[in-house]
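Asker: Sequence first, then the predicted structure, then my questions.
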Amino acid sequence: MRAILEQKNLELLKDLNMLSEMLLQAHTPSELRPYQDQLMTKCNELRTAVDLNLRYLSLDRREIVNNILTFTQQATQWVRLLSSRLSIPVLRANSSDRLCLTTISWLHRAHSETAAYAPAFASGNCAVWPFQGIAPIYYFPIIEQHSLLYQPLLFHEFGHFLYRCHEPEMNDLVRDLQIAIDDILIPASQRNDRYSDIMTSQRQEIAYTWYRWIQELFCDAVGFTIGGPSFLHAFSRFFGIRDQGDFYRQPNALKFTTHPVTWLRVNFLAIRVEASGFRDLSRRIEREWRTVAESMGVHEDYHGFYDESLKRVVLNTIEDMVIEAGPRQFQEAEAKGKECLPDNSLVHLLNQAWQVYTADPANYPMWEDRQVSQLLNETCVPRITV
């Protein structure tokens with residue numbers, strides 16, 4: 001066993017040296033260097049741990065072999081994680097990443113729970129890996145990476161990271177919702193027969209499905225809470241006429257899914273938007289979605305996974321979750337996006353982008369290029385000392 005462990009730790013040293021060299025040689029924009037520094041620090045920590053394993057193995061003491069095995073397994077897991085996921089934002093980096101990195105950095109700094117986490121992202125479908133061991137990794141489509149218009153979609157993904165930061169309290173709220181949904185769906189008189197067993201199973205499937213659904217609705221609410229109208233514009237335009245599944249799914253396609261039907265998400269977003277004073281915008285987005293649905297011959301039907309009887313308890317749960325997470329609230333002046341603010345708010349710029357695009361889409365690209373250039377030239381992200 002000693003020979004096996006010695007060989008494995010020598011391989012780990014080789015892998016760590018290779019990875020460290022690759023990280024050092026990567027051409028990273030300044031906004032990504034804090035994350036790069038943290039990866040280098042982790043590599044150095046692992047190298048020290050592996051050297052210690054080899055030193056202990058040289059003592060040739062059987063009673064510590066099991067401990068060395070455990071330490072070697074832990075180091076192996078970290079090296080695999082660094083190689084497969086954590087190093088990707090640095091090794092794929094280029095100068096065009098700066099806009100998304102600036103958005104993520106601003107998001108993290110605006111919240112006390114996340115201020116210490118460096119920004120990192122990779123290309124992919126909109127998502128986030130809410131890893132607290134070093135930093136979360138966001139995923140964002142290549143085209144949208146370059147546009148101010150779609151930066152607000154990152155606010156939704158940030159909501160998932162806020163959920164992780166408050167996970168015990170959030171899970172309690174979600175469990176309370178599941179219990180409430182089950183209670184609401186129980187019929188006034190239950191029959192003690194096979195039909196009753198089937199209905200009970202269906203209620204449990206619905207309640208379980210809402211474990212994921214409510215998290216997505218919460219993250220949508222976080223997106224609007226931070227970004228104001230810009231988030232609704234970005235969300236609706238990104239998903240608008242992408243696929244019929246955004247408007248309707250068969251019952252079996254709803255059960256145990258991670259996301260509600262997008263049309264349902266839009267409906268809950270519209271409620272929040274109207275309650276915040278943007279009635280015209282809320283009604284317009286709802287009309288657009290309904291128009292598309294009608295053109296496809298789709299009628300709103302969630303097959304019991306949602307109906308009006310659940311509306312109030314779902315809204316209350318979303319509100320409780322937002323209060324628990326405490327995302328930064330957009331200001332009225334930021335939502336208007338027209339006058340220049342002294343702090344050059346990112347939310348102000350994103351709302352202004354949608355106003356300019358809506359008013360003059362032909363000339364918008366030139367305006368966006370100027371604004372992005374100015375934003376990045378004024379952005380200076382210091383290194384994070386670990």
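Answerer: Sure, I can see it.

Asker: count of neighbours near residue 24?
Answerer: Under the neighbour criterion other Cβ atoms under 10 Å, residue 24 is assigned a count of 11. The C-beta positions use only the backbone N, C-alpha and C, and glycine is treated the same way.

Asker: which one is it nearest to, not counting chain neighbours?
Answerer: When the adjacent residues along the chain are set aside, residue 24 lies closest to residue 40, with 7.3 Å between them (Cβ to Cβ, 6 or more residues apart in numbering).

Asker: Wait, a strand at that neighbour?
Answerer: No - Residue 40 is assigned helix when assessed by DSSP: H, G, I helix; E, B strand; the rest coil, not a strand.

Asker: Please tell me I have it right and it contacts residue 20.
Answerer: Yes - A contact is recorded between residue 40 and residue 20 when judged using Cβ atoms under 8 Å, the distance being 6.5 Å.

Asker: ok, then the element right after the helix or strand bottoming out on mean pLDDT in the chain?
Answerer: Each helix and strand of the chain was given a mean pLDDT (mean pLDDT, DSSP states H and E); the minimum falls on helix 251-254 at a mean of 85. Downstream of helix 251-254, the first helix or strand assigned by DSSP states H and E is helix 262-275.

Asker: Run through who's touching that next one.
Answerer: By Cβ atoms under 8 Å, 6 or more residues apart in numbering, the residues outside helix 262-275 that reach it are 216-217, 220-221, 224, 229, 232, 235-236, 239, 245-248, 259, 281-283, 285-286, 289, 293, 300, 302, 306, 314-315, 318.

Asker: From residue 212, how far off is the residue nearest in space to the middle of the chain?
Answerer: Centroid check for the chain by Cα atoms, centre = their mean gives residue 157 as the closest residue, at 2.0 Å. When Cβ to Cβ, to the nearest Å is applied, the distance between residue 157 and residue 212 equals 15 Å.

Asker: Which residues are in contact with residue 330?
Answerer: In this structure, residue 330 makes contact with 225, 226, 227, 228, 347, 351, judged by Cβ under 8 Å, 6+ apart.

Asker: what about it, distance to residue 157?
Answerer: In this structure, residue 330 and residue 157 are separated by 17 Å, where distance is defined by Cβ to Cβ.

Asker: Show me where the stretch 251-386 of the chain has its helices.
Answerer: For the stretch 251-386 of the chain, the helices identified by DSSP state H, counting those that start in this stretch occupy 251-254, 262-275, 279-295, 311-325, 332-336, 346-359, 364-378, in order along the chain.

Asker: Worst mean pLDDT among these?
Answerer: The stretch with the lowest average pLDDT out of the helices of the stretch 251-386 of the chain is helix 251-254, scoring a mean of 85.

Asker: List of residues touching that one?
Answerer: The contact list for helix 251-254, computed with Cβ under 8 Å, 6+ apart, reads 209, 245, 261, 302, 303, 304, 305.

Asker: and the fourth one, what pLDDT?
Answerer: Right, residue 302. You'll see residue 302 listed with a pLDDT of 84.

Asker: likewise the first one?
Answerer: At residue 209, the model reports a pLDDT of 92.

Asker: That one: neighbour count?
Answerer: Residue 209: 20 surrounding residues under other Cβ under 10 Å.

Asker: next one: phi and psi at the closest residue to it other than its chain neighbours?
Answerer: Using Cβ to Cβ, 6+ apart and skipping the chain neighbours, the partner closest in space to residue 209 is residue 256 (5.7 Å). With angles defined as degrees, to the nearest 10, residue 256 sits at phi 60, psi 20.

Asker: Any idea how many residues pack against residue 256?
Answerer: When neighbours are defined as other Cβ under 10 Å, residue 256 has 10 of them.

Asker: Which of the three states applies to the nearest residue to residue 285 once chain neighbours are set aside?
Answerer: In space, and not counting its chain neighbours, residue 285 is closest to residue 236: 5.1 Å by Cβ to Cβ, 6+ apart. Under three-state DSSP, the three-state class of residue 236 is helix.

Asker: Quick check: residue 236 vs residue 105, distance?
Answerer: Distance, residue 236 to residue 105, by Cβ to Cβ: 26 Å.

Asker: ditto for residue 52
Answerer: Using Cβ to Cβ, one obtains 35 Å as the distance from residue 52 to residue 105.

Asker: what does residue 160 give?
Answerer: Between residue 160 and residue 105 the distance is 17 Å, computed by Cβ to Cβ.

Asker: likewise residue 146?
Answerer: Here the criterion is Cβ to Cβ. By it, residue 146 lies 17 Å from residue 105.

Asker: thought residue 8 was touching residue 69?
Answerer: No - the pair formed by residue 8 and residue 69 falls short of the contact definition of Cβ under 8 Å, at 9.3 Å.

Asker: who has more neighbours, these two?
Answerer: Ranked by neighbour count (other Cβ under 10 Å), residue 8 and residue 69 place residue 8 first, with 18 against 15.

Asker: what's the helix or strand for the more buried one?
Answerer: With DSSP H and E as the test, residue 8 turns up in helix 2-25.
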